[in-house]
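J.: show me the folded form of this:
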Amino acid sequence: MTGLLYLLRHGETEWSRSGQHTSRTDIPLTPNGERRARDAGTMLAGLCEDRSPALVLSSPRQRAVRTAELAGLTVTEITEDVREWDYGEYEGLSTPKIRETVPGWTVWTHESPGGETAEQVGERAARVVTRVRTTLPDGDVVLVGHGHFSRVLVATWLGLPPTSGVHFALDAAAISVLGDERGVPQIKRLNVPPLPERGFLDD
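T.: The predicted structure follows:
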């Protein structure tokens, strides 16, 4: 049976909580981000029915590598291909701050000076999709990465342009699952939040 592609976004950081764009800046998870990464591991194990993945790809950034570790994953390969969208001069800025000088700016519709275009991010996503599809006959694949890049990857999986990623939400430590139905690319699950190990309420 052909495997599935599981996308796990890294846990919360100070910048993801505040809405600051984070690509190259290598900042750690918050304590809450670490807790939710562990919860995501519990959720992922249930979704995978405890099958060991054939391949686990991670971004090199510590927020992704640490999320993989806390989720109980053994990373097969760390690759720049799954790094976050490079925001160039807008690194560390929130959308409202950017809009003070560029009204209506979004990463999907405007340029990021000194950073990547949507098309360039899409090229990376296409390479990753090709790699994943060659591996899926051997089992599941898990990709531990970032919000904007993973949203572009979802669009690429479906054969849509990179900017169509705007339609797919992916929160910190959330899981999405991609597969096929009779050869047609499909979203099996999207933006599933991690459940605490002891349920919704602590003792």
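
J.: can you map out the helices along this protein?
T.: 14-18, 31-47, 62-70, 95-98, 118-135, 147-157 (DSSP state H).

J.: so what secondary structure elements neighbour the fifth one?
T.: Helices and strands touching helix 118-135, by 3 or more Cβ pairs under 8 Å, 6 or more residues apart in numbering; DSSP states H and E, are strand 55-58, strand 141-145, helix 147-157. For glycine as for every other residue, the C-beta is placed from the backbone atoms N, C-alpha and C.

J.: and for the third one?
T.: Contact analysis of helix 62-70 by 3+ Cβ pairs under 8 Å, 6+ apart lists strand 5-9, helix 31-47, strand 55-58, strand 141-145 as its packing neighbours.

J.: out of the helices of the chain, indicate the one that is most buried.
T.: helix 147-157 (a mean of 25; mean count of other Cβ atoms under 10 Å).

J.: need the residues that contact stretch 116-127.
T.: For stretch 116-127, the external contacting residues (Cβ atoms under 8 Å, 6 or more residues apart in numbering) are 81-83, 85-86, 88, 107-108, 111, 148-149, 152-153, 155-156, 161-163.

J.: please state the offset of that stretch from the chain centre?
T.: 14 Å (Cα atoms, centre = their mean, to the nearest Å).

J.: go on, stretch 31-40?
T.: Worked out by Cα atoms, centre = their mean, stretch 31-40 lies 15 Å from the chain centre.

J.: pLDDT at Ser23, what is it?
T.: Predicted confidence (pLDDT) for Ser23: 97.

J.: residues in contact with it?
T.: Residues near Ser23 by Cβ under 8 Å, 6+ apart: Arg83, Glu84, Trp85, Asp86, Tyr87, Glu91, Gly115, His146.

J.: out of those residues, who's nearest Asp50?
T.: Of all the contacts of Ser23, His146 has the smallest distance to Asp50: 26.3 Å, by Cβ to Cβ.

J.: where's that closest one relative to Ala54, distance?
T.: His146 sits 22 Å away from Ala54 when distances are taken as Cβ to Cβ, to the nearest Å.
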